[in-house]
Structure formats: structure tokens, C-alpha cells
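> Sharing a sequence plus its predicted fold:
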Amino acid sequence: MKKVLLATSALVASASIAAADVSLSGSAELGLIDDDTETQFHTDIDVTFTMSGETDGGLTFGASIDLDESDGDPSAAFGNTGQGGETLFISGSFGTLTMGDTDGALDRALTEAIFGGSITDENEHAGYNGNAGLDNTYDGQIARYDYSFGDVALAISAEIDDSGAGDPVIGLGVSYDVDLGGVDLGLGLGYQTVSGAGADATVPTTGVDADLIGFSVDAGFAGGFSAAASFIVGDVTVNGAAVEDPEHIGLAVGYTMDALTIGLNWGEYSDWLLREDPGESDSSGFGLVVGYDLGGGAELQFGIADNDLDEADGGEDTTVWSLGLAMSF
């Protein structure tokens, strides 16, 4: 009797596993880098577990964890009130709810001014902004709802202060993509706000009230050319006192021909007091990256960046570069 029960249990377990989709992916890099001081060897590896399934009623659900994001504090990824590289979602005709290590609505709606890549991301220089807005003001555990119809996508997001001292970060975003006779045009508009960012915040000080509005435009042209621009402006007060309004602008162009990809981007921050390092509140930079696809998930990459930081606040100008092989699995 026990043997029959064990066999039945094994069949049920096998059926459950077969109904789900569990996959493993990863990336690795090797090469040389120069941080403006020393030339060094570079090796890096990352692994991501992805799981997905579907209910009897047709809802899809899933989760993923990026081990590279969780290796500093694994308890954050496997705990229930913080995040350490894990993302979970449920999706249906009502839209999609995503929670964890995900973008806020402003970031979701805007397109980054960046093309291509290098093993140490020289195109993410001192003037680069990934349109994160006020994401990660607290612990980075974000909830976002998405709904799309036709070429329009809507998003709303929240990030909660677990200490209870500050109000949640609330975000709204809308994007629109259209084909204009051979030109693929994308437009994005986003807004984020927070009041009384408290002791649990990662912004430089407490008592911060901030509103950010961002806009982006990107286009893909015939012949492998592409371009993107983003602009974010803010209204910030600290403990009720107004400070300089932060601004950021980013521009990028890209070109792809067969296995070759070239990307050039530039960006500038003005009075961006939301950054933790005061030396980066006024900073700019440009980056050039070149990649050659070898096929099979391997790409030769070169990148160089010039970083111009506010020396009056302790910043330092640097020129950095990297050369190596990026691998995806």
C-alpha cells in the first residue's frame, strides 16, 4: 500500500513540474578594463532563474531571480519585505501586476538614451540616467500595474517606506509606439512624486518632497540608424525649503550593420540633489561603445567614457575604457 501511495505522489509531482516552465540563463564577461588609475583584468558572471506557469482560467504567472543582484544580501531576495534581485508577476486580460526588482512607471514609460553595450558599461557614464526617477528611494521593492491597448501602454507604480516615516513613491506613465512609413517612433511621458522621504530613504537627506516629470522620444530609421532623447525635470524641497530644480538631459545615436553595432551617447545632470554623492549633482559625460557579434551568444565589445564631475563638490574627472568578450547563455 505504501508503494502505491509513493508512486501516485511521484506522478502528481511530475505532472506539476511538467505544467510549469523553469529555465536557467546567464551571462559572463572577460577582458581588460582601465578605471583611469590602473589597467586590470575583468571577469564577471551572472545567473538568472526564471519560472512561469498558467492557471486553469488562463492567467499567467511567474517569477525570476538574478543571483548577481542578490549575492550581497541573499536574505533580501528570500525575505518577504525587501528585494534582492527577484521579480514576480501575474498577468491576464485585466493587465499585468509586477512586484519586486522592477521599474517604476516613469522608467517603464520612458526610453533610455543608450545603444549597445560594453563589458563595464562605459555608456552608463557620469551623465547617464536610466530614467529610474525616484525608484529605490526606499528599499527598491516596487509594485507596478500595466495595461495596454493598441499602440498605447499605461503604467502606475508605488514604492513604500517600510519605516512608515515617508509617503510612498507614486508613479504614472504612458507610452506610444507607431510606425510612420518606415520610421519606428516611440514617445514616453512619466511622472513620479514622493513626500517626506524619511529615515529609511536612500536620498541624501530626510524630509524630501520631490516631483519629477520625464519625456522621451526614440526612432528607428532605415539603414540601421537609431536615435533617442530623454529629458527629466524636477521640483524639490527639503524640510519645506525650496532648492534648485534638478534637470537631466540625455541624447544617443546608434548604428547597426550586420554583426557590427556602434553606440554614442551623452548626458548631463544639473542640480540633481537626489544623488547620494554631492559631487555628482552637476555632472556630465559621454560614452562610445562598439560591438561585433560573433554568433552563438558571444560578442566582442569595446567601450570608452569621459566623466566630468563637479570638482567644487569633491568630484573628479576620469576617462575609463574596457575591451573584452561578452557571453550570453
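Cool, the structure landed.
> okay, CA-based contacts and neighbour counts for the rest of this
OK.
> mind listing the helices for the protein?
Shown for the chain, the helices assigned by DSSP state H span residues 2-19, 67-70, 74-78, 105-109.
> Check the gap between the residue lying closest to V183 once chain neighbours are set aside and L294 for me.
If you skip the residues right next to it in sequence, V183 has F221 as its closest partner in space, 5.1 Å away by CA to CA, 6 or more residues apart in numbering. With the distance defined as CA to CA, to the nearest Å, F221 ends up 24 Å from L294.
> Neighbours of the closest residue to A210 other than its chain neighbours, how many?
Among residues not flanking A210 along the chain, V236 sits closest, at 4.4 Å (CA to CA, 6+ apart). Other residues within reach of V236, judged by other CA atoms under 10 Å, total 24.
> ok, V236 touching G207?
No - in terms of CA atoms under 8 Å, V236 does not count as a neighbour of G207; the distance is 10.5 Å.
> just checking, the residue nearest to V183 touches D184?
Yes - contact between F221 and D184 holds when scored by CA under 8 Å: they sit 6.8 Å apart.
> picking that back up, and the gap between the residue nearest to A210 and Q192?
Following CA to CA, the distance that separates V236 from Q192 is 12 Å.
> can you list residues touching both of these two?
D211 (CA atoms under 8 Å, 6 or more residues apart in numbering).
> Now do the contacts for I65.
Contact criterion CA under 8 Å, 6+ apart gives 48-50, 77, 85-87 as the residues in contact with I65.
> For it, which non-adjacent residue is closest in space?
With CA to CA, 6+ apart as the criterion, I65 has its nearest non-adjacent residue at 4.1 Å, and that residue is E86.
> Check R144 too.
Closest residue to R144 apart from its sequence neighbours, by CA to CA, 6+ apart: S157 at 4.1 Å.
> so who does the one you found touch?
For S157, the set of contacting residues under the criterion of CA under 8 Å, 6+ apart consists of 104-105, 142-145, 169-172.
> Compare those and tell me which is most surrounded.
Neighbour counts for the contacts of S157 (other CA under 10 Å) peak at G104, which has 34 neighbours.
> Tell me the pLDDT of it.
Looking at G104, its pLDDT is 97.
> and it, what does it touch?
Taking CA under 8 Å, 6+ apart, one finds 132-133, 135, 142-144, 156-158, 171 in contact with G104.
> so of the residues you listed, which ones are in strands?
Mapping the contacts of G104 onto strands (DSSP state E) picks out 142-144, 156-158, 171.
> So which residues of the stretch 1-150 of the chain form strands?
Using DSSP state E, counting those that start in this stretch, the strands of the stretch 1-150 of the chain run over residues 21-34, 39-54, 60-66, 86-92, 95-100, 142-149.
> could you redo those strands as JSON lines and give each row mean pLDDT?
Output for these, formatted as JSON lines (pLDDT from 0 to 100):
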{"stretch": "strand 21-34", "mean pLDDT": "96"}
{"stretch": "strand 39-54", "mean pLDDT": "96"}
{"stretch": "strand 60-66", "mean pLDDT": "95"}
{"stretch": "strand 86-92", "mean pLDDT": "96"}
{"stretch": "strand 95-100", "mean pLDDT": "97"}
{"stretch": "strand 142-149", "mean pLDDT": "97"}
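> Nearest residue to D146 in space, ignoring adjacent ones along the chain?
With CA to CA, 6+ apart, the residue lying closest to D146 is A155, at 4.5 Å.
> quick one: the residue nearest to L97 when sequence neighbours are not counted from S270, how far?
Distances taken as CA to CA, 6+ apart place Y145 nearest to L97, at 4.6 Å, with adjacent residues excluded. Noted for Y145: a distance of 31 Å to S270, by CA to CA.
> I'd guessed A20 sits against G53; true?
Yes - because the distance of 4.7 Å satisfies CA under 8 Å, A20 is recorded as touching G53.
> ok, the two, which is more surrounded?
G53 (18 against 14).
> who's in contact with that one?
For G53, the contacting residues are 19-21, 60-62, by CA under 8 Å, 6+ apart.
> ok, now S226?
Going by CA under 8 Å, 6+ apart, S226 touches 218-220, 253-255.
> for stretch 256-276, what is the average pLDDT?
Here the mean pLDDT over stretch 256-276 is 92, rounded to a whole number.
> okay if I get the contacts of S157 as a markdown table plus distance to N123?
Output for the contacts of S157, formatted as a markdown table (distance: CA to CA, whole Å):
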| residue | distance to N123 |
| --- | --- |
| G104 | 22 |
| A105 | 23 |
| I142 | 26 |
| A143 | 28 |
| R144 | 27 |
| Y145 | 30 |
| V169 | 28 |
| I170 | 29 |
| G171 | 26 |
| L172 | 27 |
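> These: which two are farthest apart?
Of all pairs drawn from these, the one with the longest distance (CA to CA) is Y145 and V169, at 14.2 Å.
> which intervals of the stretch 201-329 of the chain have sub-threshold pLDDT?
Scanning the stretch 201-329 of the chain with the threshold set as pLDDT under 70 gives 204-205, 276-279, 311-315.
> switch the cut-off to 90
Residues of the stretch 201-329 of the chain that meet the criterion pLDDT under 90 lie in 201-208, 236-245, 272-281, 309-316.
> This completes my enquiry, with thanks.
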